[in-house]
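Asks: sequence first, then the predicted structure:
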Amino acid sequence: MAADHPRGALFRVLLPNQHSRVTNAELFFDLVFVYAVTQISHFQLGRLTELGALQTTLLFLAVWWVWVYTTWVTNWLNPDKSPVRILLLLLMLGGLVLSMSIPQAFEARGLWFALAYAAMQVGRTAFWLLATPRARTAARFNAIRILAWLSASAVFWIFGGLAEGQGRLELWSVALAIEYVSPIARFWTPGFGASTVQDWFVEGGHMAERCAGFIIIALGESIVVSGATFADLDWTGENMAAFVAAFVGSVAMWGIYFNRGAEAGSELISKAEDSGRVARSAYTYLHMPIVAGIILSAVADEIVLKHPSGHTELATALTAIGGPLVFLIGTVLFKLNIRGFLQLSHGAGIVALLGLGWFATALSPLILSGLTTAVLVVVAIWESISLRAKAEEAHASATSA
């Protein structure tokens, strides 16, 4: 056990059949990412172009990656220990610089964004390596591999921050590609080989709870932005209807994700022998489209609140439909990964949203928002009824047996 070693005391002590709680220090750290998510949605709102969408995607992927890597490390290290708490506080400072740089990440503050990001990724991993006792050879090698990959990507982040225009976008894209490919390549490093599934063992309940918490962050940001926007408007019938549609849409997304989906994921990863594999696929990768869909929906909600009537521009249609669509695609893939079967309700919702795309620009933004919200509500209710029926059927079968 890591706790048997003086420096290993920084690691969590995992007890059989006992869930590692999410600490207050981790929740405090997450506050920075409420700000980061808000900055990303505002960044997209001001750049409703193809280039703007590409830039927003890159920034979102970076923010998600630095958060989820921190979640992995705090799954192993104990945030109740003072050195780990100090690490989280320093990461919060870096996260603030990162978030404040987002609005001008492709203009004057690109280097600030790159330096903050690289410092968070490399610094956190170096701390993890130093905190790992030499007796834990596999864990140390895993930290070394990850540090090597993140150090390589940091070079491209910093050179990208020094570049301008297309060069910055290209260099940062290479940096992200290195980081996103590395877990798939199992962090293969010359002299150290590749990681194994056992090297990625996590306390599943903690990982599931942390990712569910980020979903709450994104949904909360969506509600706050809608409320702040609505408060500054004249409270007309159309604006009130748009606000209600935005709120109900957020509630429906909450219901779709948390209606036994999050619970099933937590149960599966907690019992899985290869918890690292589940954490990598279901939580590290497949949660990205879920969060991205919520952020994109928040952008659409703000547009519709400000301009509920008249002609629906193509950009408005793409965000209003694209947000729920990306969200549903993410949730259906996540639930397929943890349950092993596709949700018919989600598939029907995806088809309905794609169908809306054929005539979306002929509708007013308010009507389009109402219809996309209605699709999400139907999916949430349909899934709830379906899962309840399956549970009752299973209970009846068990009782008769």
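Replies: On my side now, so go ahead.
Asks: pLDDT on stretch 111-131, on average?
Replies: Averaged over stretch 111-131, pLDDT sits at 97.
Asks: so what touches it?
Replies: The set of residues external to stretch 111-131 that reach it, using Cβ atoms under 8 Å, 6 or more residues apart in numbering, is 7, 10-11, 62, 65-66, 69-70, 73, 76-77, 83-84, 87, 90-91, 94-95, 97-98, 100-102, 105, 140, 143-144, 146-147, 150-151, 153-154, 157-158, 160-162, 172, 179. C-beta: built from backbone N, CA, C; applies to glycine.
Asks: at 6 Å instead, please
Replies: With Cβ atoms under 6 Å, 6 or more residues apart in numbering as the test, stretch 111-131 has contacts from 10, 62, 66, 73, 87, 91, 94, 97-98, 101, 105, 143, 146-147, 150-151, 154, 157-158, 160-161.
Asks: try stretch 191-199
Replies: Contacts of stretch 191-199 from elsewhere in the structure, counted by Cβ under 6 Å, 6+ apart, are 138, 141-142, 144-145, 186-188, 274, 276-277.
Asks: any of the contacts of stretch 111-131 buried? List them.
Replies: 10, 62, 66, 73, 87, 91, 94, 97-98, 101, 105, 143, 146-147, 150, 154, 157-158, 160-161 (16 or more other Cβ atoms under 10 Å).
Asks: just to confirm, which helix or strand has residue 134 in it?
Replies: Here residue 134 sits in a region with no helix or strand, counting by DSSP states H and E.
Asks: pLDDT score for it?
Replies: Predicted confidence (pLDDT) for residue 134: 87.
Asks: for it, which non-adjacent residue is closest in space?
Replies: On the basis of Cβ to Cβ, 6 or more residues apart in numbering, the spatially nearest residue to residue 134 that is not a chain neighbour turns out to be residue 140, at 6.7 Å.
Asks: and the one you found, backbone torsions?
Replies: With angles defined as degrees, to the nearest 10, residue 140 sits at phi -70, psi -40.
Asks: helices of the chain, start to end?
Replies: Using DSSP state H, the helices found in the chain span residues 24-45, 50-76, 82-101, 110-131, 137-162, 166-181, 204-231, 237-258, 261-271, 275-278, 287-306, 314-339, 344-356, 365-400.
Asks: dump those into TSV; add distance to residue 193 as well.
Replies: Written out in TSV, the entries for the helices of the chain read as follows (distance: least, Cβ to Cβ, whole Å):
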stretch	distance to residue 193
helix 24-45	31
helix 50-76	20
helix 82-101	28
helix 110-131	17
helix 137-162	8
helix 166-181	17
helix 204-231	25
helix 237-258	37
helix 261-271	26
helix 275-278	16
helix 287-306	28
helix 314-339	27
helix 344-356	39
helix 365-400	43
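Asks: please identify the deepest-packed of the ones you listed.
Replies: Scoring the helices of the chain by mean neighbour count under mean count of other Cβ atoms under 10 Å gives helix 287-306 as the most buried, with a mean of 25.
Asks: lowest average confidence, helix or strand, in the chain?
Replies: Least confident element among the helices and strands of the chain, by mean pLDDT, DSSP states H and E: helix 261-271 (a mean of 65).
Asks: surely residue 372 meets residue 324?
Replies: Yes - in terms of Cβ atoms under 6 Å, residue 372 counts as a neighbour of residue 324; the distance is 5.1 Å.
Asks: ok, back up a step: and the pLDDT at the residue nearest to residue 134?
Replies: At residue 140 the predicted local confidence, pLDDT, stands at 91.
Asks: next: residue 40.
Replies: The score at residue 40 is 95. That number is its pLDDT.
Asks: one more: residue 76?
Replies: Looking at residue 76, the pLDDT reads 89.
Asks: same deal with the one 5 residues further on?
Replies: What the model reports for residue 81 is a pLDDT of 93.
Asks: burial count for it?
Replies: For residue 81, the number of neighbouring residues by other Cβ atoms under 10 Å comes to 17.
Asks: state the distance from it to residue 11.
Replies: Between residue 81 and residue 11 the distance is 9 Å, computed by Cβ to Cβ, to the nearest Å.
Asks: do the same with residue 23
Replies: For residue 23, the distance to residue 11 - Cβ to Cβ - is 14 Å.
Asks: nearest residue to residue 281 other than its sequence neighbours?
Replies: Across the structure, with Cβ to Cβ, 6+ apart as the measure, the residue nearest residue 281 apart from its sequence neighbours is residue 337 (5.7 Å).
Asks: go ahead and confirm that neighbour touches residue 282.
Replies: Yes - counting by Cβ under 6 Å, residue 337 does reach residue 282; the two are 4.6 Å apart.
Asks: for residue 71, give its distance to residue 350.
Replies: Using Cβ to Cβ, we find residue 71 at a distance of 28 Å from residue 350.
Asks: what of residue 199?
Replies: Computed as Cβ to Cβ, the residue 199 to residue 350 distance reads 36 Å.
Asks: ok, back up a step: any idea how far residue 277 is from the residue nearest to residue 134?
Replies: Relative to residue 277, residue 140 is positioned 21 Å away (criterion: Cβ to Cβ).
Asks: just residue 203 next, same as before
Replies: Using Cβ to Cβ, one gets 15 Å for the distance from residue 203 to residue 277.
Asks: also residue 29?
Replies: When Cβ to Cβ is applied, the distance between residue 29 and residue 277 equals 26 Å.
Asks: also residue 338?
Replies: 12 Å.
Asks: so which two of the contacts of stretch 191-199 are the farthest from each other?
Replies: 144 and 274 (22.2 Å; Cβ to Cβ).
Asks: per-residue confidence for residue 373?
Replies: Looking at residue 373, its pLDDT stands at 97.
Asks: would you mind measuring from the nearest residue to it once chain neighbours are set aside to residue 278?
Replies: Excluding the flanking residues, the one nearest residue 373 by Cβ to Cβ, 6+ apart is residue 249, at 4.2 Å. According to Cβ to Cβ, residue 249 stands 29 Å off from residue 278.
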